[in-house]
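In: 3D, please:
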Amino acid sequence: QLQLVESGGGLVQPGGSLRLSCAASGFTLDYHAIGWFRQAPGKEREGVSCISSTGGSTNYADSVKGRFTISRDNAKNTVYLQMNSLIPEDTAVYYCAARRYIGEHLTCAGGLFDSWGQGIQVTVSS
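Out: Reported below is the predicted structural model:
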């Protein structure tokens, strides 16, 4: 059974940092592109960042460029999202998702991803 589990969320003050992890079980991530998505109350889901199966290609939403970094450790079957300089607008439920795709040309659109984690809350507040 394919499963993705997010961890590392929580409450942080503005300007703080969190590192989210997305651990896969039941399959290897070696042949999968991974995306991080988020959804805030009353807003549509948005793509935050995606990474290719090799880690050679990444992309980011304009709102997080320069603050967030996506990375992966295929040996650990885990993908990370390092979030720095957090602002209240980053508050949302964050989801990781997998798509079997080995190309380097990334499209970070949620509709292309077919395996999703359950989501984890990130709250940025003083």
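In: all contacts plus neighbour counts: C-alpha atoms, from now on.
Out: Fine.
In: now the residue most central in space within the chain. Nearest residue, chain neighbours left out?
Out: Centroid-nearest residue in the chain, with CA atoms, centre = their mean: W36, separated by 2.3 Å. With CA to CA, 6 or more residues apart in numbering as the criterion, W36 has its nearest non-adjacent residue at 4.5 Å, and that residue is C96.
In: helix/strand/coil for that neighbour?
Out: Here C96 is recorded as strand under DSSP: H, G, I helix; E, B strand; the rest coil.
In: isn't it right up against C22?
Out: Yes. Using CA atoms under 8 Å, C96 is in contact with C22, at 6.3 Å.
In: now L20: how far from Q3?
Out: For L20, the distance to Q3 (CA to CA, to the nearest Å) stands at 16 Å.
In: of these two, who's got more company?
Out: L20 (23 against 16; other CA atoms under 10 Å).
In: quick one, what contacts that one?
Out: For L20, the contact set (CA atoms under 8 Å, 6 or more residues apart in numbering) comprises 6-9, 80-83.
In: export these to a markdown table and tack on pLDDT, distance to A92 and secondary structure?
Out: Formatted as a markdown table, these follow (pLDDT from 0 to 100; distance: CA to CA, whole Å; DSSP: H, G, I helix; E, B strand; the rest coil):
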| residue | pLDDT | distance to A92 | secondary structure |
| --- | --- | --- | --- |
| E6 | 98 | 14 | strand |
| S7 | 98 | 14 | strand |
| G8 | 98 | 13 | coil |
| G9 | 98 | 10 | coil |
| Y80 | 98 | 17 | strand |
| L81 | 98 | 14 | strand |
| Q82 | 98 | 15 | strand |
| M83 | 98 | 13 | strand |
